[in-house]
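Student: Have a look at this prediction, sequence included:
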Amino acid sequence: MPRHPTERALEEGIERDFTRNLSYGEYLDLARVLSAQHPRSVPPRHDEMLFIIQHQTSELWLKLMMHELRSARDLIREDQPKPALKRLARVKHIQTILTEQWTVLATLTPSEYAQFRSFLATGSGFQSWQYRSVEFLLGNKNAEMLRVFEHDPAVRAELSTLLHEPSLYDEVLAWLSRQGYPVPAELLDRDWSLPHQENEGLVELLGTVYAAPQQHWGVYELCEELVDLEDNFQFWRFRHLKTVERIIGSKRGTGGSSGVPFLRRALDLTFFPELYAVRSRIQDVEPEGYHHD
Ligand code: HEM
Ligand SMILES: N[C@@H](CC(=O)c1ccccc1NC=O)C(=O)O
């Protein structure tokens with residue numbers, strides 16, 4: 001009779017005495033993490049657990065995303081684009097997980113959600129300060145969004161700091177300037193609490209990079225990494241919108257917005273407008289021997 005693999009594992013000296021040693025659960029503070037699910041529905045509805053865990057896992061990934069994005073921004077400020085690229089590579093994988101995760105919530109039917117939606121009262125994603133921090137780090141600045149945090153001065157203060165600091169894109173532009181690229185001066189010293197406005201001079205500068213990528217490889221690589229980030233961000237927004245659409249249809253949001261129409265408008269937002277504008281400026285290569293009249 002073959003023995004169970006764990007039986008053998010214990011003989012191999014697996015640690016069993018955690019009275020003095022740090023255990024798995026202690027290190028991860030699992031007692032707190034796993035006792036933080038508090039369904040509100042009375043009587044308790046089975047599907048509320050899914051709703052809570054979907055949000056909590058999203059918030060955990062958002063926490064890591066903020067950590068990596070803030071670090072990437074600071075590394076670029078310190079003229080270290082290579083380690084910054086490493087951070088951004090990780091962010092992209094987190095975004096993939098966050099986007100994929102919508103498939104779990106999509107198993108929640110409208111009838112199931114309706115069983116506990118009213119217990120959420122006016123709670124809504126508008127009040128996710130980590131999501132707002134990520135938006136601010138990427139440059140979608142909007143002081144109005146701080147108003148939903150008046151009840152929580154510590155969170156409000158932290159968001160206000162991020163609002164007034166340069167975004168990742170602002171730091172990339174400052175780095176470009178230090179590399180000797182002619183970045184328009186108005187982009188290098190401005191009120192950082194305002195969103196970046198599309199700038200023609202910057203589109204032209206990027207035009208030279210994209211016309212000859214091999215001569216500007218470091219810049220080109222970083223720019224395309226930013227486009228990947230924006231692409232991924234939009235995939236998340238799109239999946240949120242489609243999941244919300246199948247669960248609440250055209251109902252208004254608990255946060256006070258129009259719901260799906262509001263989420264649809266967010267798909268028109270762009271963090272890096274010049275990186276998209278430059279794409280239509282790239283000359284298509286003509287076939288050999290082709291002559292215009
Ligand atoms: C049944 C599931 C969900 C529904 C019906 C839903 C619905 C909505 C609606 C209608 C809004 C607009 C604000 C409002 O008026 O309430 C919104 C915003 C938002 N939701 Fe959800 N949501 C769901 C799940 C999630 C999950 C799992 C997350 C993950 C963290 C999330 C994050 C957000 C964020 C961050 C916003 C603010 C978006 C922005 O400001 O652009 N939502 N949601
Ligand atoms: N805005 C959602 C409610 C909602 O999704 C929600 C409610 C409480 C805590 C987090 C939420 N998630 C994201 O919007 C709705 O209108 O049904």
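Tutor: Looks like it came in fine. Numbering: from 1, shown residues only. Ligands and ions are numbered 1, 2, ... in the order given.
Student: Now for Lys242: which residues touch it?
Tutor: If you count contacts by CB atoms under 8 Å, 6 or more residues apart in numbering, Lys242 has them with Trp102. Glycine gets a C-beta too; all of them are placed from N, C-alpha and C.
Student: Is it part of a helix or strand, or is it coil?
Tutor: Secondary structure, DSSP: H, G, I helix; E, B strand; the rest coil: Lys242 is helix.
Student: Could you list the low-confidence segments of the stretch 51-200 of the chain?
Tutor: Applying pLDDT under 70 to the stretch 51-200 of the chain picks out no residues at all.
Student: Helices of that one, start to end?
Tutor: 81-100, 102-105, 110-114, 129-138, 153-164, 168-178, 200-211 (DSSP state H, counting those that start in this stretch).
Student: In TSV: those helices, plus mean neighbour count.
Tutor: Below are those laid out as TSV (neighbours: other CB atoms under 10 Å):
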stretch	mean neighbour count
helix 81-100	17
helix 102-105	16
helix 110-114	14
helix 129-138	22
helix 153-164	15
helix 168-178	20
helix 200-211	17
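Student: Any idea which of those helices gets closest to ligand 2?
Tutor: Set against ligand 2 and scored by CB to the nearest ligand atom, the helices of the stretch 51-200 of the chain come closest in helix 110-114, at 7.2 Å.
Student: helices or strands up against that closest one?
Tutor: If contacts are counted by 3 or more CB pairs under 8 Å, 6 or more residues apart in numbering; DSSP states H and E, helix 110-114 sits against helix 217-248.
Student: residues of the helix it packs on that come out buried?
Tutor: Judged by neighbour count (16 or more other CB atoms under 10 Å), helix 217-248 contains these buried residues: 219-220, 222-223, 225-226, 229-230, 232-241, 243-244, 247-248.
Student: following it, which helix or strand comes up?
Tutor: helix 260-265 (DSSP states H and E).
Student: So for the following helix or strand past that following helix, what gets flagged as buried?
Tutor: Using DSSP H and E, the helix or strand that follows helix 260-265 towards the C-terminus is helix 273-277. If you call a residue buried by 16+ other CB under 10 Å, then helix 273-277 has these buried ones: Pro273, Glu274, Leu275, Ala277.
Student: gap between the third one and Asp152?
Tutor: Here the distance between Leu275 and Asp152 works out to 34 Å (CB to CB, to the nearest Å).
Student: Ok, the first one next?
Tutor: Applying CB to CB, the value for Pro273 to Asp152 is 32 Å.
Student: closest one to ligand 1 among the helices of the stretch 51-200 of the chain?
Tutor: helix 129-138 (3.7 Å).
Student: count of neighbours near the residue in the stretch 1-150 of the chain that ligand 1 sits nearest to?
Tutor: Nearest residue of the stretch 1-150 of the chain to ligand 1 (CB to the nearest ligand atom) works out as Gly125 at 2.1 Å. Residues lying near Gly125 (other CB atoms under 10 Å) number 16.
Student: Tell me the residues of the stretch 101-250 of the chain that contact ligand 1?
Tutor: Selection of the stretch 101-250 of the chain residues close to ligand 1 by CB under 6 Å from any ligand atom yields Leu105, Leu108, Tyr113, Ser124, Gly125, Phe126, Ser128, Tyr131, His240, Val244, Ile247, Ile248.
Student: Provide a list of residues in contact with the fifth one.
Tutor: Which is Gly125. Per CB under 8 Å, 6+ apart, neighbours of Gly125: Tyr131, Gly255.
Student: quick one: it and ligand 2, what's the gap?
Tutor: Distance, Gly125 to ligand 2, by CB to the nearest ligand atom, to the nearest Å: 3 Å.
Student: Can you tell me which of the helices of the stretch 51-200 of the chain is nearest to Ile52?
Tutor: Counting by CB to CB, Ile52 lies closest to helix 102-105 out of these; the figure is 11.2 Å.
Student: how far does the closest one sit from the chain's center?
Tutor: Centroid separation between helix 102-105 and its chain, computed with CA atoms, centre = their mean, to the nearest Å, is 17 Å.
Student: do stretch 141-155 as well
Tutor: Its chain's average C-alpha position is 18 Å from that of stretch 141-155, according to CA atoms, centre = their mean.
Student: again with stretch 128-147
Tutor: How far stretch 128-147 lies from its chain's middle: 11 Å, per CA atoms, centre = their mean.
Student: from what I can see Arg87 touches Leu69, true?
Tutor: Yes. Using CB atoms under 8 Å, Arg87 is in contact with Leu69, at 7.3 Å.
Student: what does the stretch 51-200 of the chain have sitting close to ligand 2?
Tutor: His55, Arg117, Leu120, Gly123, Ser124, Gly125.
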